[in-house]
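Undergrad: Sequence and predicted structure below; questions after.
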Amino acid sequence: MKNYILAFDQGTTSSRAIVFDKDGMIVGTSQKEFTQIYPKAGWVEHDAMEIWGTQSGVAREVLEKTGVRPEEVAAIGITNQRETTVVWDKNTGKPIYNAIVWQCRRTAAICDELKAKGLEASIKEKTGLVVDAYFSGTKVKWILDNVEGAREKAENAELLFGNIDTWLIWNLTRGKVHVTDYSNASRTLLYNIKDLKWDDEILSELGIPKSMLPEVKPSSCVYGHTDPQTFGGAEIPIAGDAGDQQAALFGQACFEPGMAKNTYGTGCFMLMNTGEKPIESKNGLLTTIAWGIGDKVEYALEGSIFIAGASIQWLRDELKLVYDSAQSEYYANLVEDTNGVYVVPAFTGLGAPYWDMYARGAILGLTRGSKREHLVRATLESIAYQTKDVLEAMQEDSGITLKDLKVDGGAAANNFLMKFQADILCVPVKRPKVLETTALGAAYLAGLAVGFWNDQNEIKAKWAVDEEFTNCMPEALRTKKYNGWKKAVKRAMDWETEE
Ligand SMILES: Nc1ncnc2c1ncn2[C@@H]1O[C@H](COP(=O)(O)OP(=O)(O)O)[C@@H](O)[C@H]1O
Ligand SMILES: O=P(O)(O)OC[C@H](O)CO
């Protein structure tokens with residue numbers, strides 16, 4: 001019997017594989033961190049071979065650990081860190097350069113050129129995105145411009161581009177299938193999200209040959225089957241593919257317009273379902289494709305925050321103020337407030353709603369009495385303030401006042417953060433029982449494609465709350481604290497200059 005779905009959750013800092021059963025419950029998880037490469041200040045790379053190695057490794061490991069045989073897996077669903085760009089040689093299957101990670105700022109100057117040419121408005125109109133180094137398009141251009149012989153090979157149709165989903169599917173099928181889904185395509189800066197086509201004008205502006213690009217398909221369909229060598233002879237259908245934030249929106253069953261979730265991982269991403277209508281943001285949010293199922297494409301508004309949980313890793317790894325991420329909760333609770341300290345974790349610039357590629361991190365309001373507890377608390381609070389920034393923009397853009405905010409991701413386990421989040425938003429924060437909603441969303445998309453689950457109503461009925469945070473800070477105090485945050489952000493902006 002095919003009683004399980006296997007989800008691949010290829011994140012920024014780790015590769016994870018999770019086996020789900022028919023109830024949408026976790027049967028087992030395997031996870032492996034991989035190397036973060038920082039060749040220069042503001043640059044971030046991954047080794048795409050290491051990504052494939054860790055991801056296929058954890059997939060095999062979780063099957064072994066749970067005793068689930070590959071023949072019992074009904075389908076594989078893939079979800080991935082988005083925008084991260086891999087370019088590889090079609091003939092050898094080897095990447096020609098490290099994967100350039102979504103956080104990498106190296107293409108800021110290319111973006112400035114696009115802006116100077118006055119292309120920002122038309123790019124936004126077509127792709128739903130702002131011109132920023134975050135997205136894949138300028139990263140592909142950088143590789144073609146900077147890797148010896150790359151442009152010539154690309155023009156001879158010898159190179160392929162893909163985000164991590166595409167790279168994994170290509171490897172799982174041993175080079176047979178070169179595809180992506182609507183949600184991932186909508187993060188490249190190369191895809192027209194209304195016409196549902198790669199955009200010839202943007203491609204020509206960036207000098208990217210169309211032959212490099214994957215075919216774009218719905219998020220729930222059979223893309224191909226695993227090569228028999230990968231899972232001991234089994235040919236498992238690969239049937240779900242979505243960017244991790246869109247997958248989380250699906251996993252949280254935010255199926256109706258106006259429903260929103262916020263995922264607290266390396267970064268923090270709030271997405272609101274806007275149905276079959278793309279809403280253009282006037283407040284610094286992105287318009288993006290949520291998913292495509294059958295012949296229907298649905299859209300979302302997104303507030304992308306680049307650094308959230310990563311700031312807690314920074315407290316742990318660089319400042320050595322906490323022993324592990326969970327300990328941040330303990331220190332934050334030892335003090336009543338931050339004693340006026342604000343941390344702005346703009347380590348890789350600022351995303352929504354500020355979009356400042358040149359912002360850098362800042363600690364403000366230090367006094368002789370500032371101590372570890374204040375700094376730790378201020379770092380956690382910065383995640384909540386950034387979330388408030390994007391929630392306000394979202395309510396304004398959509399004209400919808402949120403009834404509640406569903407949360408997930410690693411840092412959503414932090415009760416201090418969730419309480420402070422509810423306090424500062426005055427919107428109920430709902431944490432589900434299954435926090436791995438990203439992988440769950442990919443599993444649902446795959447399961448729907450192969451008839452493992454019947455429809456979205458069946459999925460919706462599975463959502464269950466773990467805890468709801470309904471506290472709300474008195475308005476005067478809330479406004480005072482938030483004004484302090486806004487002032488701190490201003491100081492961190494426009495800091496770095498290109499030499
Ligand atoms: N209890 C916690 N408190 C605060 N942050 C946490 C906690 N647990 C995990 N994190 C943070 O969450 C992030 C990991 O979450 P995860 O959803 O796995 O992220 P990703 O998918 O981006 O790799 C890390 O940045 C980590 O610092
Ligand atoms: O790896 P995560 O979970 O931080 O997600 C990264 C995002 O997809 C970047 O857009």
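TA: Right, received. Where do you want to start? Ligands and ions are numbered 1, 2, ... in the order given.
Undergrad: so what's residue 62 up against?
TA: Applying Cβ atoms under 8 Å, 6 or more residues apart in numbering to residue 62 gives the contacts 6, 17, 18, 19, 28, 29, 30, 68. To be clear about C-beta, it is placed using only N, CA and C from the backbone, and glycine gets the same treatment.
Undergrad: Sort out for me which of those are in strands.
TA: Judged by DSSP state E, the subset of these located in strands is 6, 17, 18, 19, 28, 29, 30.
Undergrad: ok so, going back, mind putting the contacts of residue 62 in a markdown table, pLDDT and distance to ligand 2 included?
TA: Rendered in a markdown table, the data for those read as follows (pLDDT from 0 to 100; distance: Cβ to the nearest ligand atom, whole Å):
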| residue | pLDDT | distance to ligand 2 |
| --- | --- | --- |
| 6 | 97 | 19 |
| 17 | 97 | 15 |
| 18 | 97 | 14 |
| 19 | 97 | 20 |
| 28 | 97 | 20 |
| 29 | 97 | 15 |
| 30 | 97 | 17 |
| 68 | 95 | 25 |
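Undergrad: Please identify the helix or strand for residue 169.
TA: Using DSSP states H and E, residue 169 falls within helix 164-172.
Undergrad: Please see if that helix touches ligand 1.
TA: No - counting by Cβ under 6 Å from any ligand atom, ligand 1 is not contacted by helix 164-172; separation bottoms out at 12.0 Å.
Undergrad: Residues of the chain that sit close to ligand 1?
TA: So the chain meets ligand 1 at 11-14, 265-266, 309-310, 312-313, 325-326, 328-329, 409-411, 413-414 (Cβ under 6 Å from any ligand atom).
Undergrad: now do 5 Å
TA: Residues of the chain lying near ligand 1 by Cβ under 5 Å from any ligand atom: 11-13, 265-266, 309, 312-313, 325-326, 409-411, 413-414.
Undergrad: Nearest to residue 199 among the residues you listed?
TA: residue 12 (26.6 Å; Cβ to Cβ).
Undergrad: ok so, going back, will you turn the contacts of residue 62 into TSV that also has neighbour count and distance to residue 283?
TA: Listed next are the contacts of residue 62 as TSV, based on neighbours: other Cβ atoms under 10 Å; distance: Cβ to Cβ, whole Å:
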residue	neighbour count	distance to residue 283
6	30	39
17	27	37
18	27	35
19	26	40
28	17	42
29	18	37
30	20	40
68	18	46
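Undergrad: Do a quick rundown of the strands in the stretch 351-499 of the chain.
TA: Here the stretch 351-499 of the chain has its strands, by DSSP state E, counting those that start in this stretch, at 362-364, 405-408, 429-432, 465-469.
Undergrad: Return the most buried member of the ones you listed.
TA: Highest mean neighbour count of these: strand 405-408, a mean of 26 (counted as mean count of other Cβ atoms under 10 Å).
Undergrad: for that strand, packing partners?
TA: Using 3 or more Cβ pairs under 8 Å, 6 or more residues apart in numbering; DSSP states H and E, the elements in contact with strand 405-408 are strand 260-264, helix 415-425, strand 429-432.
Undergrad: what's whichever strand or helix holds residue 288 packed up against?
TA: Residue 288 is located in strand 286-293, with elements delineated by DSSP H and E. When contacts are defined as 3+ Cβ pairs under 8 Å, 6+ apart, strand 286-293 packs onto helix 182-185, strand 220-225, helix 244-251, strand 268-275, strand 296-305, helix 437-449.
Undergrad: Mean neighbour count, these: which tops it?
TA: Comparing the helices and strands packed on strand 286-293 by mean count of other Cβ under 10 Å gives helix 244-251 as most buried, with a mean of 32.
Undergrad: the inter-axis angle of it versus strand 260-264?
TA: Helix 244-251 and strand 260-264 are oriented at 130 degrees to each other (axes from the mean of the first three to the mean of the last three Cα atoms, to 10 degrees).
Undergrad: quick one: residue 269 from residue 406, how far?
TA: Separation of residue 269 from residue 406 (Cβ to Cβ, to the nearest Å): 13 Å.
Undergrad: pLDDT at whatever residue of the stretch 351-499 of the chain ends up closest to ligand 1, what is it?
TA: In the stretch 351-499 of the chain, no residue comes nearer to ligand 1 than residue 410, which is 2.1 Å away by Cβ to the nearest ligand atom. On pLDDT, residue 410 comes in at 90.
Undergrad: Might one say that it is in contact with residue 264?
TA: Yes - counting by Cβ atoms under 8 Å, residue 410 does reach residue 264; the two are 6.7 Å apart.
Undergrad: Give me the common contacts of these two.
TA: Overlap of the contact sets of residue 410 and residue 264 (by Cβ under 8 Å, 6+ apart) consists of residue 309.
Undergrad: Which one's more surrounded, these two?
TA: Neighbour count, other Cβ atoms under 10 Å: between residue 410 and residue 264, residue 264 has more, with 27 against 20.
Undergrad: hmm, back to that, which one of the helices and strands packed on strand 286-293 lies nearest to residue 385?
TA: Closest approach to residue 385 among the helices and strands packed on strand 286-293 (Cβ to Cβ): strand 296-305, 9.9 Å.
Undergrad: name the helices or strands packed onto the helix or strand following that closest one?
TA: On the C-terminal side of strand 296-305, the closest following helix or strand by DSSP H and E is helix 309-317. Counting contacts by 3+ Cβ pairs under 8 Å, 6+ apart, helix 309-317 is packed against helix 372-398.
Undergrad: Could you find the closest non-adjacent residue to residue 176?
TA: The spatially closest residue to residue 176, leaving aside those adjacent along the chain, is residue 224, at 6.0 Å (Cβ to Cβ, 6 or more residues apart in numbering).
Undergrad: still on that earlier bit, and the strands of the stretch 351-499 of the chain: which comes nearest residue 134?
TA: The closest approach between residue 134 and any of the strands of the stretch 351-499 of the chain, judged by Cβ to Cβ, belongs to strand 362-364 at 20.3 Å.
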